[in-house]
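Undergrad: Provided below are the primary sequence and the corresponding predicted coordinates.
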Amino acid sequence: MMRAAQDALAAGARNLTKTYGRGETEVHALRGVDLDLPRGGFTAIMGPSGSGKSTLMHCLAGLDQASDGTVTVAGIDLGSLDDDALTVFRRDHIGFVFQAFNLLPMLTALQNIVLPLELGGRRVDDAARERAHLLAETLGVADRLGHRPAELSGGQQQRIAIARALVTEPDLLFADEPTGNLDSTSSAEVLGHLRRSVSELGQTVVMVTHERDAAAYADDVITLQDGRIA
Ligand SMILES: Nc1ncnc2c1ncn2[C@@H]1O[C@H](COP(=O)(O)OP(=O)(O)OP(=O)(O)O)[C@@H](O)[C@H]1O
């Protein structure tokens, strides 16, 4: 592929195939998925339960290995990486936001946001703290940074979780049912902020969702059906 075309892609999959088990218990979770995720795009993955959404996300994020085919993220062929290299790859290139916010209760919001930097062995210097504050401002939680998660609403907690996922400037941010635990007002806020992270910060976002309303915030919607793109 030409360099310019490659740079325009955050990630891609070719003939991505994932089979769990063998023989009678064999499950074909992905049956040859081809996918290009443009850099700075917001892609929603939809599809019925069991259609392969989580499996696709896990393969793209380097959490699960393909049975066949290739996954390329930020120009790296994930099939060429061993477990240790995959761990480093995820730390350096991938951000996650989950349905359960997974904030650490004893840390303040700010401490939660900068945690991935500390875990990655990076120094949390003034520039990092400034970036954390900037993200908190963009996400509308700058006045909550000294609070612990229990003192925040669900929507605020999820926005802190998004700031935490963005602080390492990942090539890809995965959001797995990010509004599953939120009321409709908080959902709209969180989705609006994910949208802004794409439009204003150039972030690439992949979101798994069951909700059409949520998918409407994305640039593209991919629908999986029985392990294939429908
Ligand atoms: N570790 C595993 N071992 C065996 N089968 C698995 C495993 N993980 C997933 N599967 C199977 O692979 C298929 C796809 O599962 P996947 O979780 O990707 O679907 P999904 O679209 O994310 O579903 P949901 O919307 O219910 O979360 C299902 O039939 C599932 O039972």
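TA: Cool, the structure landed.

Undergrad: give me the number of residues near Arg148?
TA: The criterion is other CB atoms under 10 Å. On that basis, Arg148 has 16 neighbouring residues. The C-beta positions use only the backbone N, C-alpha and C, and glycine is treated the same way.

Undergrad: for this structure, which spans come out with low pLDDT?
TA: Low-confidence segments of the chain, defined by pLDDT under 70: 1-7.

Undergrad: so where do the strands sit in it?
TA: 9-20, 27-38, 42-46, 68-73, 76-77, 94-97, 172-176, 205-208, 220-225, 228-229 (DSSP state E).

Undergrad: Packed most tightly, which of these would that be?
TA: Comparing the strands of the chain on average neighbours per residue, with mean count of other CB atoms under 10 Å, the densest one is strand 205-208 at a mean of 26.

Undergrad: Now do the buried residues in the helix ranked longest in the chain.
TA: Across the chain, the longest stretch assigned as helix under DSSP state H is helix 184-199. When burial is assessed from 16 or more other CB atoms under 10 Å, helix 184-199 yields the following buried residues: 186-191, 193-195, 197-198.

Undergrad: Not counting sequence-adjacent ones, nearest residue to Lys63?
TA: Residue 63: Leu, not Lys. Nearest non-adjacent residue to Leu63, counting by CB to CB, 6 or more residues apart in numbering: Arg90, 7.3 Å away.

Undergrad: how much space between the residue sitting nearest the centre point of the chain and Asp125?
TA: For the chain, the residue nearest the mean C-alpha position is Phe174 (1.0 Å; CA atoms, centre = their mean). Between Phe174 and Asp125 the distance is 27 Å, computed by CB to CB, to the nearest Å.
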